[in-house]
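A.B. asks: can you look at this prediction? I've put the sequence above it.
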Protein chains: 2
Amino acid sequence: MSRERVEAVRAMMRSKGWDAVVLTGNDPHNSEYSAPRWLQAGWVSGFSGEGDLVVTDDHAGIWTDTRYFIQASRQLPGTGVELHKTRVPGQVLIPEWLAAHFADYDSVIVAVDGLGMNAATVLDIKKAMGDKAIIVDAPNMLDPVWEGRPPVPQTPVITLGSETVGWSRTQKLTWIRKWLQDNGSDAILITALDEIAWMLNVRGQDVEYNPVVMSYLLVTRDDSFWFVRKGPVDPGDHETEDSFYELTSDGVSIQDYSDIGVTLSSIVDGEFISRLFVDTSTLNYNLYNILKENIPSSNLTSGKSPVALRKAVKNDVEIAGMREAHLEDGLAMERFFFWLEKMVEAGEPVNEYEAALQLHSFRSGIEGFRGESFETISAYGPNAALPHYVTPESGSAELDARGLYLCDSGGQYLFGTTDITRTIPLGPCSQLEREDYTLVLKGHIDLAKAVFPSGTAGCQIDALAREPLWASKRNFGHGTGHGVGFYLNVHEGPQDIRQNFNRQPLVPGMITSNEPGIYREGKYGIRHENLVLCVDAGTNDFGQWCRFETLTLCHLDTSIVIRELLDASEIEWLNAYNAKVFQTLSPRLPSEIAQWLRKKTLPI
Amino acid sequence: MSRERVEAVRAMMRSKGWDAVVLTGNDPHNSEYSAPRWLQAGWVSGFSGEGDLVVTDDHAGIWTDTRYFIQASRQLPGTGVELHKTRVPGQVLIPEWLAAHFADYDSVIVAVDGLGMNAATVLDIKKAMGDKAIIVDAPNMLDPVWEGRPPVPQTPVITLGSETVGWSRTQKLTWIRKWLQDNGSDAILITALDEIAWMLNVRGQDVEYNPVVMSYLLVTRDDSFWFVRKGPVDPGDHETEDSFYELTSDGVSIQDYSDIGVTLSSIVDGEFISRLFVDTSTLNYNLYNILKENIPSSNLTSGKSPVALRKAVKNDVEIAGMREAHLEDGLAMERFFFWLEKMVEAGEPVNEYEAALQLHSFRSGIEGFRGESFETISAYGPNAALPHYVTPESGSAELDARGLYLCDSGGQYLFGTTDITRTIPLGPCSQLEREDYTLVLKGHIDLAKAVFPSGTAGCQIDALAREPLWASKRNFGHGTGHGVGFYLNVHEGPQDIRQNFNRQPLVPGMITSNEPGIYREGKYGIRHENLVLCVDAGTNDFGQWCRFETLTLCHLDTSIVIRELLDASEIEWLNAYNAKVFQTLSPRLPSEIAQWLRKKTLPI
């Protein structure tokens, strides 16, 4: 199949006179997850991981990183598509590969789908290849060859009131117009989907797990244009019609999604607006070109969108919603672990996938539940050691009454988003498992109870979560924390807690995960994850202080903790946390589960 | 006096037609400390701190930061020179101040001493003022008005053999030529004094505390030119003549210091060398201009000098020397603290300055001692709370049998450099003093025993030394660690351990200080400082590891430690450290002091 698709691309190349085609799996908004329509590299190659595709007359290749090597080595053989490894020493990235491949050519025509690439990526290709490269932007080039290609998604649009999100969209529009004024701009084009959802207090289901609406938002000093309509709204979809009506009443003009290019060309002409601000990290190459052609470069400003930071700092109403979400989510988690323990104790067969389904059914019972915030990782034993384990629908591992089970999951609720990982013993564990379990917990606790000066960035305190592991030369290969949206994407910036040099301070109101772990290939994986809210901790002679408040409410299993590896303050934190979980959740649980939870949360 | 000097500058300005003069206290190599000749801003204004001077027809001002506000407010009144505060909210720096001051002018002539400023500083002025600014580089402009201005220093030059420094200068020249080749350069102009001293294995005393030789070094693929002669060598100075002879034998051509400009103009002309590498962070504006005039910009590469990193990573011979230096230095420190305790116990009068002198005399007894590595901070009680306390020669505080005494000092030895701070109780201490003392020690220990992945930068582990203080909202306002040279500057880069975003990893062989502290204004200051060597800690499944080995050998006083504030591993570290100090030093100390040290180092 893939072989035929690659040949179809080549036939198109010949008919157009192109020497190379570059395709990605990115949507036009550089979203973390793409709707199926945009998984172009995957459709051609048959590779289902994240990767970019290059096709030439005599070569086809997928460029992907270490996370997907095994997957690629299973899926690519027989397709005629070769694997190009990235994030490895000696890597040759696409721009350099193209430059070398066409070294002897005087002129090379490279076609890209400009909707699926941001400008920087294309400019890298131009730079590497020099003057010889002619880049042709061919948006939707696969349409003629991809039969049944999914359309741009159009799911029901709902609106959230200020009783839920704190700031009304009118307040947000006023705020961004003030920012435009301070920034000397006439307009801002917002291209990141979660920023648009936040700005307009709208949510949809256009992208799996991310409750966003595929659209663009142009805000000028006086007007705002939301490019969102992909066709007639389903007659039965009153939600969307009501939402559009509400938005129109608030002065937001509803436009066709596909009109963004035409409209930008016509309105950004110096007459209506001249100085436009864009965030090039989410602006696609297609729109970038339209802007370049229509606006003198001196009138185009690019930088980090101010919405990202403002959105990351939750207001009191959002924080209250997140607390509620964590309470409800915690009840579901405790019901789930109670059920799981009973099943395993009784020797009833349960596999990873069934466990995930059961957790889903507990969450589904919560009013306002809108689906998972990401695909549940339900992983037993060695499977939990795979950093990107996808629990298979059929043939997933059976849980047994020994070793460790890891569950990383989260929910989207009308009033918040959750993300929690628990690793629990299903029976006897080895000394190494107990040690690893305790040291990861120690790191989690040390970060959770950290106090730090106002202005501190995540990379400056990441080591607090790692040093307990480092001390015995253990570590984990992922970040310790990512930002989490309010009923929005479970991964958001601009803050994080990891070994990078991200200067963004942790600001009171930001919600970030705290998720150290450890992974032993072929054996097991451990991760303890709670969401933490950054809060003001007061001011004294030494300055202004911040600390974290843990939002997640679900007990941390203490049965395999090696007490001697924790110091007094860590034990105190653990006991206080579990006590709080019990006090908060038990009145809302059936007495049998509350009794069980009491035992689980006894001080150590 | 200062008033007259400012007027002399103004008279010069009128005669030359200048509108403004900018002077600094920097030497032509952007050294941390300058020889007296280069303290130009201070000579004119009478202000003895670090600051820059601007003189116009109707205004004279010193720009300095928070560290020197008190000093400036004492020294400037009556001079007609005003204080401009930097590193404060709303600061107006020199470029912006000049732009505003001359806002109504069509053309402004700003004269600078290009030897005392690096190019970036001058370019900032140009940028802020725009086209109207004409920058006149007037090197040594003060010569006609500064009677008795000290000459460029010329102290005896000694050489160090490879038995002391590991790498011979021939090896170093070969290494840098290999680097030139790899970097596509024909030559490198080395302007940082400690880099030159390291490259040529030479040392001098041109700058107080820094054993460097004021000079420039130009290394081409085939030749090397050392611009170092400031006049005839003193007939009695055989050391220098011998050194010059040795260097000449190694192919290093000895040149006049003042010829650097002329020589650069003549040899960097595309015939002898064309592609030149410079490090603009230590290149002065005067040389920058000469290079700009003589080399097409495409042939001038600037970046971080490769010498800084290579120099920071000590080889085995240098490490052995540093160990020796710390052993000798530790013996002097223990003799000093023994003496001090006896004096205070006996009620004998000792003031801060006398204590520093006594410490100096113990160090002076060490063979190979070449002077202090910086001015000793001998500070009792509230004086120790001043971050830049200078112990006055007369009228310094008398030590009393209560509270805390802080001593921060270090030695230069032919075989290494030391830097140590101890804070000791002279008698009863308050509960707050004991708490602060213990928490600073806890931070010191946590950093000292840290294990971290290869590739970790100092800013990523700085929090380990701070969190014990942060936990109770205490902090210190300086870095936790700076690099230390081998019988070279006590402050060197490129690594450090502080709250910045310096990406330079800590590499095995680097020596850095570990010096958390706490300062309570009007009360006391506490700092515990050891030097630590970064060492390889092996490789395992999780990657490659590093840790620190503490080099400093001098007991940490435990008498006021609050044991409950330390965890088991911290107590273990402390006891092991003190035991090692006793075992290593006691056989080399008189029995009375060894006995005393045994008690001081008993486990807690």
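C.D. replies: Everything's here; your move.

A.B. asks: what does chain A have sitting close to chain B?
C.D. replies: Taking CB under 8 Å from any CB of the partner chain as the contact definition, chain A meets chain B at A:446, A:449-453, A:456-457, A:459-464, A:467, A:470-475, A:499, A:501, A:503, A:520, A:537-538, A:540-543, A:545, A:567-569. Quick note: C-beta positions are derived from backbone N, CA and C, even for glycine.

A.B. asks: among those, the buried ones, what's the PyMOL command?
C.D. replies: Filtering the residues of chain A next to chain B down to the buried ones (16 or more other CB atoms under 10 Å in any protein chain shown) takes a single PyMOL command:
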select buried, chain A and resi 446+449+450+451+452+453+456+457+459+460+461+462+463+464+467+470+471+473+474+475+499+520+537+542+545+567
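
A.B. asks: where does the prediction get shaky in the stretch 251-400 of chain A?
C.D. replies: Counting by pLDDT under 70, the low-confidence segments of the stretch 251-400 of chain A come to A:268-272, A:387.

A.B. asks: once you drop chain neighbours, what's closest to residue A:170?
C.D. replies: Here the nearest residue to residue A:170 in space, its sequence neighbours aside, is residue A:250; by CB to CB, 6 or more residues apart in numbering or on different chains that works out to 5.7 Å.

A.B. asks: against which helices or strands is whichever helix or strand residue A:3 is part of packed?
C.D. replies: With secondary structure defined by DSSP states H and E, residue A:3 is part of helix A:2-16. Using 3 or more CB pairs under 8 Å, 6 or more residues apart in numbering or on different chains; DSSP states H and E as the contact criterion, the elements in contact with helix A:2-16 are strand A:20-23, helix A:40-45, strand A:52-56.

A.B. asks: circling back: contact partners for the residue nearest to residue A:170?
C.D. replies: The contact partners of residue A:250, by CB atoms under 8 Å, 6 or more residues apart in numbering or on different chains, come to A:169-170, A:173.

A.B. asks: save the residues you listed as TSV, and put in secondary structure, pLDDT and neighbour count too.
C.D. replies: Output for the contacts of residue A:250, formatted as TSV (DSSP: H, G, I helix; E, B strand; the rest coil; pLDDT from 0 to 100; neighbours: other CB atoms under 10 Å in any protein chain shown):
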residue	secondary structure	pLDDT	neighbour count
A:169	helix	97	23
A:170	helix	97	13
A:173	helix	98	20
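
A.B. asks: what is the nearest of those to chain B?
C.D. replies: Distance from chain B was checked for each of those by CB to the nearest CB. The minimum falls on residue A:173, at 30.6 Å.

A.B. asks: show me the contacts for the closest one.
C.D. replies: Residue A:173 sits next to A:199, A:219, A:224, A:250-252 when contact means CB under 8 Å, 6+ apart.

A.B. asks: again, only this time at 7 Å
C.D. replies: Listed by CB atoms under 7 Å, 6 or more residues apart in numbering or on different chains, the contact partners of residue A:173 are A:219, A:224.

A.B. asks: can you give me how far the one helix or strand residue A:254 maps to is from the chain middle?
C.D. replies: Assigned by DSSP H and E, residue A:254 belongs to strand A:252-256. In terms of CA atoms, centre = their mean, to the nearest Å, the centre of strand A:252-256 is found 27 Å from the chain centre.

A.B. asks: got the CA coordinates for that strand in CSV?
C.D. replies: As requested, the backbone C-alpha atoms of strand A:252-256 are provided in CSV (Å, rounded to 0.1, in the frame of the first residue of the first chain):
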residue,chain,number,x,y,z
VAL,A,252,-16.5,38.5,17.0
SER,A,253,-17.0,38.1,13.3
ILE,A,254,-17.4,34.4,12.2
GLN,A,255,-15.5,33.7,9.0
ASP,A,256,-14.7,30.6,6.9
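
A.B. asks: and stretch A:556-574, what's its mean pLDDT?
C.D. replies: Within the predicted structure, the mean pLDDT of stretch A:556-574 is 97.

A.B. asks: give me the contacts around that stretch.
C.D. replies: With CB under 7 Å, 6+ apart as the contact definition, stretch A:556-574 has outside contacts at A:424-425, A:429, A:433-435, A:437-439, A:441-442, A:445, A:448-449, A:528, A:577-578, A:600, A:604, B:567.

A.B. asks: buried sites along the helix or strand hosting residue A:532?
C.D. replies: Under the assignment given by DSSP H and E, the secondary-structure element containing residue A:532 is strand A:530-540. Applying a neighbour-count criterion of 16+ other CB under 10 Å, the buried positions in strand A:530-540 are A:530-534, A:537.

A.B. asks: chain center to the next helix or strand along the chain from it: distance?
C.D. replies: From strand A:530-540 onward toward the C-terminus, using DSSP H and E, the following helix or strand is strand A:543-550. Using CA atoms, centre = their mean, the mean C-alpha position of strand A:543-550 is found 25 Å from that of the whole chain.

A.B. asks: buried residues, the next helix or strand after strand A:543-550. List them.
C.D. replies: Going down the chain from strand A:543-550, the next helix or strand is helix A:568-585, by DSSP H and E. By neighbour count, and taking 16+ other CB under 10 Å as the criterion, the buried residues in helix A:568-585 are A:570-571, A:573-574, A:577-578, A:581-582, A:585.

A.B. asks: send me helix A:568-585 as CSV with only the CA atoms.
C.D. replies: The C-alpha atoms that make up helix A:568-585 are tabulated as CSV, following Å, rounded to 0.1, in the frame of the first residue of the first chain:
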residue,chain,number,x,y,z
ALA,A,568,11.7,13.3,58.6
SER,A,569,10.3,16.2,56.5
GLU,A,570,9.6,13.9,53.6
ILE,A,571,7.8,11.4,55.7
GLU,A,572,5.8,14.3,57.2
TRP,A,573,4.8,15.5,53.7
LEU,A,574,3.8,12.0,52.6
ASN,A,575,1.7,11.4,55.7
ALA,A,576,0.1,14.8,55.5
TYR,A,577,-0.7,14.3,51.8
ASN,A,578,-2.3,10.9,52.3
ALA,A,579,-4.2,12.2,55.3
LYS,A,580,-5.6,15.1,53.2
VAL,A,581,-6.6,12.7,50.5
PHE,A,582,-8.5,10.6,53.0
GLN,A,583,-10.2,13.5,54.7
THR,A,584,-11.2,15.1,51.4
LEU,A,585,-12.3,12.0,49.5
